[in-house]
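**Student:** got a predicted model here, sequence first, then my questions.
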Amino acid sequence: MNTKTIDFSKFSSIRIGPIVDVTLIEDDIVPTGYVIVGSANNLLVSPTPPPLMILSKQYGFIRIEGNRLVVGAATPGGRVVSFCKKNNIAHFEYLSKLPGTLGGMLKMNAGLKEYEIFNHLIAIRTQSGWKQKNEIEYGYRKTSINDVVFEAVFELEAGFSFERLEMFAQMRSNQPSEASAGSCFKNPPNDYAGRLIEAVGLKGMRVGAMAFSDVHANFLVNYGGGTYEDALFLIKEAQKRVLEQFGIELQCEVVLLSDTIVTK
């Protein structure tokens, strides 16, 4: 199998991680015992990660087939938005503010508020074959998808909305500009992770070059040269304090990858 050398301190959005040879998934051949990394926009990779794999450029495509939109799992969200804008296709404007590629978005049912990737999904093609939407369990930032996804089919409806595009831009205007993996924790039911982190005194707390942002407390940011160990310390400290003070177990939205931990 072919490999690609990736420096995760440059490739991942949080700018942390080692230089690793990552196996390329080509021609639908998926090696066993490997973890898929996508575009590493919600990953925190340790100095000792498990074996890693990534979809090749073979899966970076988007096309119209009749009244359906077919998108490869390695296609970036921004490219989907550009295609939909050019072809006057509705319902994908929110992807302009979601980093990453389609496969990762499907795995976690990514979205902004009520706008989610599953809203207009019809089916996905995985290493074990086609799965219709009704065969997949999904909810807020989670799904039952465990296979590698190769492509997905969506409903196609005319009407690209520039108003929605602007609305989504405003929704994300309060995010910090420093390197991060996006939201660190999932929002617990009827509450906000950022509020809880701030309430236990961790907003702006810094360990080394890592900190919970003083702009938005649920963003774990890297001010430059941050380490996996410092990031992990802050994550565990937030979980510990919130559990002690509120009895709430914060669940990571960022995925931790090490030879002993893989959170999904």
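**Tutor:** Yep, that arrived. Numbering: from 1, shown residues only.

**Student:** show me what contacts S46?
**Tutor:** Contacts for S46 (C-beta atoms under 8 Å, 6 or more residues apart in numbering) come out as 17-18, 228, 256-259, 261. For glycine as for every other residue, the C-beta is placed from the backbone atoms N, C-alpha and C.

**Student:** can you say which helix or strand has D230 in it?
**Tutor:** According to DSSP states H and E, D230 maps onto helix 228-246.

**Student:** next one: that helix to chain centre, how far?
**Tutor:** 21 Å (C-alpha atoms, centre = their mean, to the nearest Å).

**Student:** hmm, G38 is touching T101, no?
**Tutor:** Yes: counting by C-beta atoms under 8 Å, G38 touches T101, with 5.3 Å between them.

**Student:** can you map out the helices along this structure?
**Tutor:** Remark: helices assigned in the chain by DSSP state H are 8-11, 77-86, 102-107, 162-171, 193-199, 228-246.

**Student:** need those in a markdown table (columns: mean pLDDT and distance to A209).
**Tutor:** A markdown table is the format used below for the helices of the chain (pLDDT from 0 to 100; distance: least, C-beta to C-beta, whole Å):
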| stretch | mean pLDDT | distance to A209 |
| --- | --- | --- |
| helix 8-11 | 96 | 12 |
| helix 77-86 | 95 | 28 |
| helix 102-107 | 94 | 25 |
| helix 162-171 | 83 | 28 |
| helix 193-199 | 97 | 18 |
| helix 228-246 | 97 | 7 |
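
**Student:** out of those helices, which is closest to I117?
**Tutor:** Proximity to I117, assessed across the helices of the chain by C-beta to C-beta, is greatest for helix 102-107 (4.8 Å).

**Student:** which other helices and strands contact that closest one?
**Tutor:** Under the contact criterion of 3 or more C-beta pairs under 8 Å, 6 or more residues apart in numbering; DSSP states H and E, helix 102-107 touches helix 77-86, strand 149-155.

**Student:** which residues are contacting that helix?
**Tutor:** With C-beta under 8 Å, 6+ apart, helix 102-107 has contacts from 36, 38-39, 41-42, 55, 59, 71-77, 80, 95, 98, 110, 117-118, 121, 124, 143, 145, 148-149, 152, 264.

**Student:** quick check, distance from that helix to the centre of its chain.
**Tutor:** Using C-alpha atoms, centre = their mean, the offset of helix 102-107 from its chain centre is 7 Å.

**Student:** swap in stretch 79-98?
**Tutor:** The answer for stretch 79-98 is 18 Å, by C-alpha atoms, centre = their mean.

**Student:** for stretch 76-89, same thing?
**Tutor:** That offset, for stretch 76-89, works out to 19 Å (C-alpha atoms, centre = their mean).

**Student:** what comes up buried for it?
**Tutor:** Residues 76-77, 79-81, 83-85, 89 are the ones in stretch 76-89 that count as buried (16 or more other C-beta atoms under 10 Å).

**Student:** contacts for it, please.
**Tutor:** 39, 60, 62, 64, 69, 71, 90, 92-93, 95-96, 98-102, 105, 156-160, 165.

**Student:** thought L257 was touching P51?
**Tutor:** No: here L257 lies out of contact with P51, judged by C-beta under 8 Å, at a distance of 10.5 Å.

**Student:** more neighbours: which of these two?
**Tutor:** Shown here are L257 and P51; by other C-beta atoms under 10 Å, L257 has more neighbours (24 against 14).
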